[in-house]
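Novice: quick one, what's the 3D model for this:
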Amino acid sequence: MPVLNERAYLEHAVASVLAQELAGPSELVLALGPSTDGTTKLAQQLAASDDRIRLVDNPDAHIPVGLNAAIRASRYATIVRVDAHSELAPGYAQRALATLERTGAANVGGVMHAEGRAPFQKAVARAYNSPIGLGGGAYHGTTHEGEAESAYLGVMRRSVLEEVGLFDETIRRGEDWELNLRIRQAGHKVWLDPALQVTYWPRESWWRLARQFRATGAWRGELVRRYGRSNGLRFFAPPALLLGVVLAVIVGALQLTRVLGGIASVVASIVYLPLIAYALLVAFMALRPGGGESARERVWTLAVLPTMHLAWGYGFIVGVLRGARDTVDASRLGTQNTPLP
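Specialist: Numbering: from 1, shown residues only. A predicted model of the protein is given here:
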């Protein structure tokens with residue numbers, strides 16, 4: 001479990017891991033980044049209270065670096081990746097190990113189910129759980145079991161991880177997708193079992209959400225630069241939306257200044273149609289039954305969906321054009337711009 005500034009979530013995440021019922025021995029290795037909110041002290045207290053918890057340092061703070069440090073420090077043949085912002089459902093590990101054995105897969109993952117506490121976080125969770133919010137990725141709500149492109153978190157055979165070279169430490173976001181690509185290219189199976197459920201707690205503020213999605217989009221752009229058509233078409237929808245917004249603004253400015261008029265203006269107005277359709281879709285998501293328990297949640301939904309899509313799309317375009325470079329997800333770091341020491 002890579003950990004950075006997760007004081008509000010760590011104890012529940014750790015408890016959900018330690019409560020897993022397993023026939024054999026187990027351990028939980030926490031890779032501790034340079035937290036500033038008291039997370040490290042809490043992790044030390046948890047480790048002192050249960051000898052199954054082990055701590056390793058992750059001074060660089062990057063997720064794949066921390067994951068690799070934890071994997072190298074671990075002692076067992078199966079690696080269960082967990083997240084400090086998540087909680088495993090009861091029976092998760094036992095079921096995953098059985099699925100791993102039954103299918104012969106190298107990596108088994110389940111379904112991410114987002115939940116929220118305050119109205120904003122609930123709106124984000126609803127967007128996460130909708131195919132409209134995150135583009136319909138299989139582990140965001142499918143009921144079909146079978147081979148998959150990637151796996152959320154993942155329960156992995158250590159032998160295969162070592163065969164393909166662990167996580168790529170040059171990739172700051174999307175490292176799981178890239179690892180699963182190499183696993184599949186090596187001839188192994190990645191498997192999705194929708195009976196495996198993980199609760200995920202999304203970001204708690206608009207600014208943090210925007211920063212998270214911009215960074216994630218930038219690294220997807222980087223992955224497109226590296227791996228081209230191995231990336232699914234759904235990843236190109238948010239940048240297409242952003243380009244549509246920019247084009248509509250340009251056309252609108254030309255129409256207002258009468259630079260564009262007559263038939264040409266009528267034809268150019270076609271650029272508004274996809275944006276009108278998108279706006280209606282967002283409004284439907286907010287107003288439909290289940291769109292929110294309160295008026296505040298519904299209003300936040302109107303802001304959350306465009307924020308996710310446009311921030312991700314902007315990051316993607318930048319990532320494709322110049323690469324992700326040193327882009328990091330600083331959304332859990334308050335006013336800091338980077339988690340690097």
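Novice: just for the stretch 1-150 of the chain, where's the confidence low?
Specialist: Residue ranges of the stretch 1-150 of the chain with pLDDT under 70: 135-142.
Novice: which stretches of it form strands?
Specialist: 2-3, 28-32, 53-57, 78-80, 86-88, 107-114, 146-147 (DSSP state E, counting those that start in this stretch).
Novice: what pLDDT is listed against the residue lying farthest from the centre of the chain?
Specialist: Residue farthest from the centre of the chain, counting by C-alpha atoms, centre = their mean, is residue 262 at 46.3 Å. Here, the pLDDT recorded for residue 262 equals 93.
Novice: pull the distance from stretch 265-274 to the chain's centre.
Specialist: With C-alpha atoms, centre = their mean, to the nearest Å as the basis, stretch 265-274 stands 34 Å off its chain's centre.
Novice: just checking, residue 244 touches residue 275?
Specialist: Yes. Contact criterion C-beta atoms under 8 Å: residue 244 and residue 275 qualify, at 5.9 Å. For every residue, glycine as well, the C-beta is placed using N, CA and C.
Novice: these two - which one has more neighbours?
Specialist: residue 244 (17 against 14; other C-beta atoms under 10 Å).
Novice: where do the helices of this structure begin and end?
Specialist: 10-18, 39-49, 63-73, 92-103, 119-128, 131-134, 158-164, 175-185, 206-227, 237-256, 262-268, 272-287, 295-322 (DSSP state H).
Novice: what's the second one packed up against?
Specialist: For helix 39-49, the packing partners by 3 or more C-beta pairs under 8 Å, 6 or more residues apart in numbering; DSSP states H and E come out as helix 10-18, strand 28-32, strand 53-57.
Novice: the longest one: which residues count as buried?
Specialist: Buried positions in helix 10-18, judged by neighbour count with 16 or more other C-beta atoms under 10 Å: 10, 12, 13, 14, 16, 17.
Novice: please name the residues that touch the third one.
Specialist: It refers to residue 13. 1, 6, 82, 83, 84, 85, 86, 87 (C-beta atoms under 8 Å, 6 or more residues apart in numbering).
Novice: look up how far residue 248 lies from it.
Specialist: Separation of residue 13 from residue 248 (C-beta to C-beta, to the nearest Å) stands at 42 Å.
Novice: same thing with the first one?
Specialist: In this structure, residue 10 lies at 44 Å from residue 248, with C-beta to C-beta as the measure.
Novice: and the angle from the longest strand along the chain to helix 10-18?
Specialist: When every strand of the chain is counted residue by residue (DSSP state E), the longest turns out to be strand 190-200. Interaxial angle, strand 190-200 versus helix 10-18 (axes from the mean of the first three to the mean of the last three C-alpha atoms, to 10 degrees): 140 degrees.
Novice: strand partners (parallel or antiparallel) of strand 190-200?
Specialist: Partner strands and pairing direction for strand 190-200 (DSSP bridges) are strand 86-88 (antiparallel), strand 107-114 (parallel), strand 146-147 (antiparallel).
Novice: how about that strand, which residues are buried there?
Specialist: Within strand 190-200, judged by 16+ other C-beta under 10 Å, the buried ones are 190, 191, 192, 193, 194, 196, 197, 198, 199, 200.
Novice: farthest-apart pair in those, please.
Specialist: 190 and 199 (21.9 Å; C-beta to C-beta).
Novice: counting neighbours, what do you get for residue 253?
Specialist: 11.
Novice: what's the separation between it and residue 65?
Specialist: Distance, residue 253 to residue 65, by C-beta to C-beta: 45 Å.
Novice: now do residue 163
Specialist: Distance, residue 163 to residue 65, using C-beta to C-beta: 20 Å.
Novice: neighbour count: these two, which is higher?
Specialist: The neighbour comparison of residue 163 against residue 65 (other C-beta under 10 Å) goes to residue 65, with 20 against 15.
Novice: the more buried one against residue 169, yeah?
Specialist: Yes. Counting by C-beta under 8 Å, a contact exists between residue 65 and residue 169, whose distance comes to 5.1 Å.
Novice: now do the nearest residue to residue 62 once chain neighbours are set aside against residue 59, distance only.
Specialist: Nearest residue to residue 62, sequence neighbours excluded (C-beta to C-beta, 6 or more residues apart in numbering): residue 172, at 5.6 Å. Counting by C-beta to C-beta, the gap between residue 172 and residue 59 amounts to 15 Å.
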